[in-house]
Every structure is written in C-alpha cells, then in structure tokens.
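>>> Here is my input; please provide its structure:
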Amino acid sequence: MGANCSQLRRKNRRKATCQASINANSCGLVTQTGQQVPLKSVEVEVQVKGHVAMVTSTLQYVNEEELPVEALFVFPLPAEAALCHFSAKIADHEVVAEVQEKQKARDEYDDAISSGQQAFLLEESDASPDIFLLAVGNLPSKESAAVTLIYVIELAMQADDGLRFCLPAVLNPRYAASNMDPNNVPKVKSVPASRVSYTLSLSVHIISPIPVSRVESSCSLEPLTYLNTAQTQAKVSLSPGHKFDRDVEMLLYYQDAHQPTAIVEAGLPNGKPGSLMGDSVVMLSLYPEFPPEVAYTFGNRGEFIFLMDQSGSMGGSSIRSARETLLLLLKSLPLGCYFNIYGFGSDFKYFFYKSVKYTQQTMEEAMKKVEAMQADMGGTEILKPLQHIYSQNNLPDHPKQVFVFTDGEVFNTKEILDLVRTHSRSHRCFTFGIGQGASTALITGMAKEGRGIAQFITSNDRLQLKVMQSLSLALQPAVVDISVKWTLPEGVSVTTLSPPLNVILQGQSALLYAQLTGESSEDSEGSVTVHYGLAEQPMTSQLSFCLKPSKDTGLGVHKLAARSLIRSLEMEQREKKDESLRDKVVELSVQAGVSSSFTAFLAVHKGSRQPVKGPLVRRTVPVAQACGGDIEMSIRSMESLHESWCGALLPSLGGREYENGLGESPPEDEYMGYIGCINEYSSGDRYQALAGTLKRGNQLPSPWARQDRDQSGSVAPVPPSQKDPYLELVSYQKAAGFWDLETRLLDLLGKAEKNLDKQMPAQVDSAVWATVLALIWLHSFRADKREEWKFIALKATSWIHSQKVENLSECLQAGSALLGCQVKEENLGL
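Down below sits the predicted model:
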C-alpha cells in the first residue's frame, strides 16, 4: 500500500512539478493546486570580492493553516549563478541538502513525504537554467519555515565599466510555442505590487583590491558607507519599504575597472589531489587593450541584422523606444555595409527578402517601415526568425552582426542557445533585455554563445544609449586566431575549465578558469599569454600572478569554475546525445556541490522520528507582475491573440496594403517574408487572449500600422506623435552623413531662411552649411546624449572633410554666432 501511495504521489508530483517549472510566473511558496502559504520576508546578504559576488537569501514562510501542507516554491536566479547551498529550518530543526542525481533525488523525496517525514527537493527547471523549483514536503500547521539559498556569480561588466548585480524579483509569463503540449501550459496568476504583503531587505558588503568609486541602482539605496580610508571596503543597503515589484539592479563602479586580476583559491584541505575540489583553481580577468588607431577606427564593412520584439507586451513606451532606437541605428550605419530588420512575435516578418546595401534609398525605405512598427504580433517566438537569419548566405568581407531586442521570455531557451552556438563562427550576437523580468538565461546566453555582449534596460535606462554602446563594439574589427599559453613552474600542470576563448572586445573582460595540479613554493609565479590577430596585426596580452592560494574563501571560485565546466558539458551532451557526458555532469555536480540540469538538492529530516500527521492541504502565493494589474490567462492564448487579427491581414498581401507596411505588392518569392497564421482557435481562446492584452495595458492589435477607423467605418489617419527635436534632427540626416538646407531643418533650428542667407559665408555649399549647423546644435544642445549620436556626428565630419571646404573655420564661427553658442573646431572633429 505504501509503495502504491508513493508511486501515485510520484506521478502526481511529477505532473505538478512539470507544470510549476513552466509556470515560471508563480514565484513564492506555491502548492501544487495553487493555494497560499504566506511569504513574510526575504533577507539578502551579498558579499562582493572584486568581480565575484556570494549571495545568501533567507526566505521566511508561515503555515497559518490547521493542517500540514506540501508546497512548491518557484523562484528565479541569474542564469550565470552557481547555486551551491540550500538548507531549510522548521521550528528548531535544520536540514542541509546534498546534491544527487535528479531522478534518484525525486524518488527519495516522494518516499520520504509518503511516510510522513519532512523533506525538501530543489531542482533546476528542465525548460530554463534561470528557474528553480523547491518542493517542501510536510510543513506542519502553525509552523514557520526559513529557507536559505546561497549562490555565487560573476559580475558582468557593462559598456560603461559598471559591474552589474541583479537580484531577480520578477518573472514574466513565458511564451509557449505552437508545437508545445497544451496540457503543460498552465494558468498564470499575478497581482499588482501593492497587494504583495512580503518585504525585502538587502545589504551589500564590498571588498576590493582597488577603490570603490560609487554604487548606482534603479531602486532607492541608503548612502554608500566606506569602511576604510583607502575606500577599498564599503557597505550599501536597500532603503526600507521596497516590494518585489521589480528586479533589484545595482551597478558597482571601481576606480580602475580595467585592471587585470587573478585569484588563486585553495581547494578543500581534505580534498583528493588531482580532483577539482582538491586542487587550487585560478580565475583570471584579462582586459586586452587595442591600439587607439584600431580601437577607434570604424570601417564600412559588415552585415547588420536587427531582430525586434513586436509581441503584445512591447506596447506603449517600449515600442516607441524601439522605433527611436532603430532610427538611430539606421542613421549610424556606415555607407557600404549591408542591413536588414526583422520583427517577431508569434510569427516573424522582415523588411527585405535579403540584406540590402546601405544607401539613401534603402535607408529611407527602412525608416518608413520602422515608423509603422507596432506591438501587435502576439506572443514571443524567437527560434524561427533566428533560423531564417542563419539560413541566409554570409556576405564575403561583411561579418554578420545580429542585434536582438526582446522583453519576453520563452520556454525553449536551451534550443535557442544551441542554435546560436552552432552558428557562432559565422556571426556575433548582441542582445538587449527590455524591462523587468527579462530572462537572464536567454539574454546573457545568446550573447555568450554568439560572441557578443548582453545589456539589460530597466527603469529609467535609455535603450538608445546601451544600443549605441554595443554598436561601438560591433563596428570594431573582429579578433581572430585566439590562443592561450600558460607558463607555470616545473611540477605544476594546468587544466582549463572554461570554454575556449573565442571573443575579445575592447574594454570587455576575458574570463578564464583553470585547475592547477601539483605543488610549488609560496613565492612562485605563473603567467598566461593570450595571442590573437587584430586588423591583420599579431597582438599579445599577458598577465603574471602569484601561485600562493587564498584560503577560507568559501570556495566561490571553485564553484564558479565547476558551473562553467558543467554548462559546457551540458550543451555538448545535448548536441551529441552522449550519456557518458551526462554521467560526467552528475559526477562533477555532486563533487562540487553545484546545481546542474541532471541533479537536484535533497534534504530529508529524520531527527524527530515522528511522522507529520493529517491530510495535506495546498496553498499559493500570488506574485507581482512587472507590468502590474491582475492577470489570469493561458500563455498559449497569446497565439490566438495574433490569429484574431491576422485573418484581416493575409488577404491583403497582393494589394496596396500588406504586412511590411509598403504600398506595393511583394514578389512571389517574398511571400515567405511573413509566416502566416494557420492555426485555428476557439472564440473562448481568442477572448482570453484579448482580455489578457487589455489587462496588461497593451494596445489592441490592428492590421493597419498607421491607420484607424472612425465611427462610420472609414479609414482615418492617426495624427503623428510629437517628436523630440533631437530625434527629428537626426531623422533629416542623409545616409552619406550630410544634411540638406531645407525648411523643416530651419524650423527646427528656429531660424528664418532670410537670416541664414545673411549669415552663410560666401562660396560655401548649402549642404556643408546645414551640416555644420546640425553638428553645432548637437554639441551645444544635446551634449548629454553624445554617446547616442557619436556615429552620426562621425559620418557628418567625414563627409565635410571629403568636400575639402577651404573656409571651414569661418563657416564654424558664423554657425556658432547664428545659434548663439561657442563650439571649438577641434571639439567637432573638424
């Protein structure tokens, strides 16, 4: 009877666990049937040492029911984190979990709770490595539970040299592709942040060999406190009153962020020599510096693919910001390159059948389409457009650069990462996570596998600024032929633990992990030399380090190194379907005490020997949704949202209005540019989708990007929105880099045409005069956005130089006088 009960529980729990792993939005202590186990508080302590953070989170729960409960706790972690400790304390009993093979751990958990014992199971979601599921078995009535999680993470350097720490607090609903089993797609619940009752406290202690400059955050912080006169130790904490309505993001700035560092960490005192945990491990952060003549030289080669999320959740300010960003990108591209723009949601579309050469004509054509872009394409299905992009032939001498913009989350993260990795030698991938709750597994994973960088845009961040920072890196010459050479004393050998170094970017760290086997004297040194080719020149970067290991470090470097190796082996196992690789992952995960997709943490409390009595009841904790508002909708219904308007769209493909916004009919071979909606749904599904869209505050989808219908049913134009004068000025620039002297430019500058005639120097071309005025205006009135328009200005100055203007100084002085400002010629790059 007991065995049958255990088997039935396994079957039911496996179904509930599978659903909970997909129902990523239901964060908190959640029962299998969705009942409440109140979460009272979350306390987080962060220890930062250089570029490594150790995060300890303690979550306090109380079972206020009259009966014991079995509950599920679904929570997010950064995808790069190494989860290395889990413990739970109920009343006075504390149990510390151990890592086991996943199925074995599941079976032992089911056996334990079937016999009335208290048990805890913690495992990584099969769908995505940034979602974890904790099963709490037999939480007694009126008892409190304290759950403690510890993970270690590398702090990624941003383009502005800040080290980014993010405590994920929000998980948005993840989109289910059309080929997923609908039985595995559950309801998603969320409430406004004002109805979330639990609290969050967070403190950060920073220890660094170099001074701490400042700490910034999108959340309210207490003042930064320095703990020594050298300012190498500091503390900062979150201001009281914060709720889980957004991710907690902090940017840590050191005075010299580009200083190469090396950390050699001792292994376990009783560890087996030759094993990962018994030997020392070194973590190296290298910052190769490019020669100025190369680092700041931007050629005219490259194929730029911009893949923009147009799903329903991108409505409002997100899609407006996306349009403005694409405008800046289109104006910043160099003449002679190639480009294309894709929009995706439940399906995808592209502006051109294949990438086109960047000219005035193609730029204007693309700008018209950008202005018509709306957040009206349903769910978030990114795999298909990526497959289409990678299926296109590469252009000789034009390296492919893919920019991916999305605020959504998907279930097939691992499939997407595998695809990007397969094509990593043929392109670079730069990713942008927009808004709260963007999947770190998707955003950072794609950038890592695609040899680019990831950026996250939250709160008041300007998407345009971060995109232009990434464009600076994309326009740099690609580094080739990278090799790494280790030099160590006799008797010491090295085993590389991180993936092969395949990308080096100016100002970005190159991170290496290695296991050091053997013994050496305490004052011995080692070195690592990176050789690579840049702009057809051989380059080297070297770092020497002391081999004396640091002790009592908490083995954070070992855990991160193990995590890095585990992720590489997991991806290789998915490619080769080799079970021996799976066994290696399990062995390494158990040895290092670090989570993996094939293992789980298990804790069974056997101390009381008294089984918990009474039938189990089930409760749930609602989660704060990033966009706010009550939501309860099927994720799958997002597809019907798209289908509800797609029918009106497809019949017009042959007429004057079709999907890409142009007033022309597409050639027959371009019909595949739009993957049409072919699935049929019930009216109930359609209603759920539309209702969910309205509750999220998104704009209702319409097949007409620039038109609405009045009460009589006729089509009426939508009045244009007010443009920022800065963006309006940018939009007037020609692809070659100059501005024409036209009425709309004069109106923007606030100058009458007759005044310009008097002020314009003799024998100066009108386009040169207009371009000088535009540059002066940008430098004088939009200097705060210099990083956004620097390539626009670079194109303008290059064009002016090509005109060989003899009286340029006179022209500049006249323009400054006309606009009432003073700008030096050298500041304009002239």
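
>>> So what are the sheet partners of the helix or strand containing Phe405 and their directions?
If you go by DSSP states H and E, Phe405 is part of strand 400-406. Applying DSSP bridges, strand 400-406 is found paired with strand 303-309 (parallel), strand 427-434 (parallel).

>>> Please list all residues in contact with the spatially most central residue of the chain.
With distances taken as CA atoms, centre = their mean, the residue of the chain nearest its centroid is Ile443 (3.1 Å). By CB atoms under 8 Å, 6 or more residues apart in numbering, the contact set of Ile443 is Thr406, Thr431, Phe432, Gly433, Ala454, Phe456. Heads up, the C-betas are built off the backbone N, CA and C, glycines and all.

>>> ok, now how distant is it from Met157?
Counting by CB to CB, to the nearest Å, the gap from Ile443 to Met157 is 15 Å.

>>> now do Gln374
For Gln374, the distance to Met157 - CB to CB - is 35 Å.

>>> contacting residues for Lys723?
Here Lys723 is in contact with Ser731 (criterion: CB under 8 Å, 6+ apart).

>>> tell me which element it falls in.
Per DSSP H and E: nothing holds Lys723, as it lies in no helix or strand.

>>> What's the first helix or strand after the strand holding Phe405?
strand 409-410.

>>> Sheet-wise, list the partners of that following strand with their directions.
strand 174-175 (parallel).

>>> mean confidence for the partner strand?
Regarding strand 174-175, the rounded mean pLDDT is 53.

>>> Any stretches of this structure with poor pLDDT?
Along the chain, segments meeting pLDDT under 70 span 1-38, 169-197, 243-245, 295-299, 459-460, 607-722, 752-757.

>>> and with 50 instead?
Along the chain, segments meeting pLDDT under 50 span 1, 14-26, 176, 180-191, 609, 613-625, 627-721.

>>> where along the stretch 301-450 of the chain do the helices fall?
317-332, 360-371, 383-391, 413-422, 440-449 (DSSP state H, counting those that start in this stretch).

>>> Secondary structure element for the closest residue to Gln759 other than its chain neighbours, which one?
Among residues not flanking Gln759 along the chain, Leu818 sits closest, at 4.6 Å (CB to CB, 6 or more residues apart in numbering). Assigned by DSSP H and E, Leu818 belongs to helix 808-819.

>>> now could you export just the CA positions of that helix as CSV?
Extracted C-alpha coordinates of helix 808-819, given in CSV (Å, rounded to 0.1, in the frame of the first residue of the first chain):
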residue,chain,number,x,y,z
LEU,A,808,35.6,75.9,-42.8
SER,A,809,36.8,77.9,-39.8
GLU,A,810,34.8,80.9,-41.0
CYS,A,811,31.8,78.7,-41.5
LEU,A,812,32.0,77.3,-38.0
GLN,A,813,32.3,80.8,-36.5
ALA,A,814,29.3,82.0,-38.4
GLY,A,815,27.2,79.0,-37.4
SER,A,816,28.1,79.4,-33.7
ALA,A,817,27.1,83.1,-33.8
LEU,A,818,23.9,82.3,-35.6
LEU,A,819,22.9,79.6,-33.0
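
>>> Can you point out the buried residues in it?
Leu808, Cys811, Leu812, Ala814, Gly815, Ser816, Leu818, Leu819 (16 or more other CB atoms under 10 Å).

>>> now do stretch 271-289
271, 276-288.

>>> then that stretch to PDB, C-alphas only?
Once non-C-alpha atoms are left out, stretch 271-289 reads as follows in PDB (Å, rounded to 0.1, in the frame of the first residue of the first chain):
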ATOM      1  CA  GLY A 271      40.200  17.100  -0.900                       C
ATOM      2  CA  LYS A 272      41.600  14.400  -3.200                       C
ATOM      3  CA  PRO A 273      44.700  15.700  -5.000                       C
ATOM      4  CA  GLY A 274      44.100  15.900  -8.700                       C
ATOM      5  CA  SER A 275      40.300  16.500  -8.300                       C
ATOM      6  CA  LEU A 276      38.600  19.800  -8.900                       C
ATOM      7  CA  MET A 277      37.800  20.400  -5.300                       C
ATOM      8  CA  GLY A 278      41.100  19.100  -4.000                       C
ATOM      9  CA  ASP A 279      43.400  21.300  -6.200                       C
ATOM     10  CA  SER A 280      43.800  25.000  -6.400                       C
ATOM     11  CA  VAL A 281      41.700  26.900  -9.000                       C
ATOM     12  CA  VAL A 282      42.700  30.200 -10.700                       C
ATOM     13  CA  MET A 283      40.300  32.800 -12.100                       C
ATOM     14  CA  LEU A 284      41.800  35.300 -14.400                       C
ATOM     15  CA  SER A 285      40.100  38.500 -15.700                       C
ATOM     16  CA  LEU A 286      42.000  39.900 -18.600                       C
ATOM     17  CA  TYR A 287      41.400  43.300 -20.300                       C
ATOM     18  CA  PRO A 288      43.300  43.400 -23.600                       C
ATOM     19  CA  GLU A 289      43.700  46.900 -24.800                       C
END
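
>>> and it, how far from the chain's centre?
27 Å (CA atoms, centre = their mean, to the nearest Å).

>>> swap in stretch 546-558?
30 Å.

>>> and the closest residue to Tyr61 other than its chain neighbours, which of the three is it?
Using CB to CB, 6+ apart and skipping the chain neighbours, the partner closest in space to Tyr61 is Ala145 (4.5 Å). Classification of Ala145 using DSSP: H, G, I helix; E, B strand; the rest coil returns strand.

>>> can you count the residues close to Ala145?
Neighbours of Ala145 under the rule other CB atoms under 10 Å: 24.

>>> What of Asp247?
25.

>>> Now do the contacts for Ser766.
Taking CB under 8 Å, 6+ apart as the test, what Ser766 contacts is Asp740, Leu741, Met760.

>>> Please report how far it lies from Glu222.
Counting by CB to CB, the gap from Ser766 to Glu222 is 57 Å.

>>> still on that earlier bit, turn the contacts of Ile443 into a markdown table, columns for neighbour count and distance to Ser57.
Listed next are these as a markdown table, based on neighbours: other CB atoms under 10 Å; distance: CB to CB, whole Å:
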| residue | neighbour count | distance to Ser57 |
| --- | --- | --- |
| Thr406 | 26 | 27 |
| Thr431 | 26 | 26 |
| Phe432 | 25 | 27 |
| Gly433 | 27 | 22 |
| Ala454 | 24 | 23 |
| Phe456 | 22 | 20 |
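
>>> how would you label Leu72: helix, strand or coil?
Leu72 ends up strand, using three-state DSSP.

>>> ok so, going back, which members of the contacts of Ser766 are classed as buried?
For the contacts of Ser766, buried by 16+ other CB under 10 Å: Leu741, Met760.

>>> mind putting the contacts of Ser766 in a markdown table, distance to Tyr254 and secondary structure included?
Formatted as a markdown table, the contacts of Ser766 follow (distance: CB to CB, whole Å; DSSP: H, G, I helix; E, B strand; the rest coil):
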| residue | distance to Tyr254 | secondary structure |
| --- | --- | --- |
| Asp740 | 46 | coil |
| Leu741 | 48 | coil |
| Met760 | 49 | coil |
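
>>> Which parts of the stretch 1-150 of the chain are strands?
Assigned by DSSP state E, counting those that start in this stretch, the stretch 1-150 of the chain shows strands spanning 28-31, 39-49, 52-62, 69-76, 82-90, 93-96, 98-101, 118-124, 131-139, 144-154.

>>> got the buried residues for the last one?
Just to be clear, that refers to strand 144-154. Ala145, Ala146, Val147, Thr148, Leu149, Ile150, Tyr151, Val152, Ile153, Glu154.

>>> Do I have it right that the fourth one meets Phe86?
Yes: the pair Thr148 and Phe86 qualifies as a contact (CB atoms under 8 Å) at a distance of 7.1 Å.

>>> Can you tell me the closest non-neighbouring residue to Ser568?
Pro499 (5.1 Å).

>>> Report the separation between that neighbour and Val42.
Counting by CB to CB, the gap from Pro499 to Val42 is 33 Å.
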